[in-house]
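> no letters, just coordinates:
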């Protein structure tokens, strides 16, 4: 299964791009739940119309970005990529979880 | 409607939690011989057969969570902020990011559970499965606590 070897690369790239999207708000869309409206890219909350949600946009950014990276990885030699991916596929998500916990530390440390 | 979806979301999460926990236990602590005891049965589940169901349940639960998330943002989160409940609010923020990372991990999880890779990547498969199980456990517990604070139409 040739295309399958890009899946671990997708997971690695997804975690990295997702956390970058959160940190720099690289969102494709913004959702305004109170008025049930979508907007392109990062929109500020509209005055008097509730919060703005970026999570869906971060997911789209990470999916598209990781998809491109995974597709490009298919052009690289299979064996070395598979060997490196087998470690990075869990190491990178764990590192990204630690990163996001650090970013959110303000909620837990007073 | 949101209450109904939240209940379905919770039930799907319970099923996912059970399947992933079974799989994680059986992959780290497989039973050499099934003795008929509860622990032995727990360790000797045919792990590979769980994979597609876990992927499906994870995606289904996440989609339902993504729908009810809008209600959380416009009602529950505001309450948490009003009462200065910073830790539950932060715990939920962390949950949304962990679930996102879990979603991104699913294709790799599925790939490493393919029979052809059964022996070659046993350790990677075990770690990825455990990571997903930890994410689901965290998400479940945080969701449960948040629901106790303000859930089900309160």
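Here it is on my side, so go on. Here the structure is a predicted model, which is why all the values come from computation and not from measurement.
> have a look at chain B and report its longest helix.
The residue-count maximum for a helix in chain B (DSSP state H) belongs to helix B:122-150.
> close to chain A, is that helix?
Yes. Helix B:122-150 lies within reach of chain A by Cβ under 8 Å from any Cβ of the partner chain, at B:124, B:127, B:128, B:131. C-betas here are computed from N, CA, C, even on glycine.
> who does that helix touch, helix- and strand-wise?
If contacts are counted by 3 or more Cβ pairs under 8 Å, 6 or more residues apart in numbering or on different chains; DSSP states H and E, helix B:122-150 sits against helix A:78-103, helix B:2-28, helix B:51-71, helix B:77-82, helix B:86-112.
> average pLDDT for that helix, rounded please.
Averaging pLDDT along helix B:122-150 gives 93.
> ok, stretch B:84-100 next?
For stretch B:84-100, mean pLDDT is 95.
> give me the buried positions along it.
B:85, B:88-100 (16 or more other Cβ atoms under 10 Å in any protein chain shown).
> quick one: which of those residues is nearest to chain A?
Taking Cβ to the nearest Cβ as the measure, chain A sits nearest to residue B:90 out of the buried residues of stretch B:84-100, at 2.3 Å.
> my guess is the closest one contacts residue A:103. True?
No. The criterion here is Cβ atoms under 8 Å, and residue B:90 misses it with residue A:103 at 10.4 Å.
> chain A: helices as residue ranges?
Taking DSSP H as the criterion, chain A carries its helices at A:6-24, A:55-73, A:78-103, A:105-108.
> what comes into contact with the last one?
Residues outside helix A:105-108 that contact it (Cβ atoms under 8 Å, 6 or more residues apart in numbering or on different chains): B:86, B:87, B:89, B:90, B:91, B:93.
> and residue A:95, how far is that from residue A:102?
To residue A:102, residue A:95 is 11 Å away according to Cβ to Cβ, to the nearest Å.
> more neighbours: which of the two?
Remark: of residue A:95 and residue A:102, residue A:95 carries more neighbours, 14 against 8, as counted by other Cβ atoms under 10 Å in any protein chain shown.
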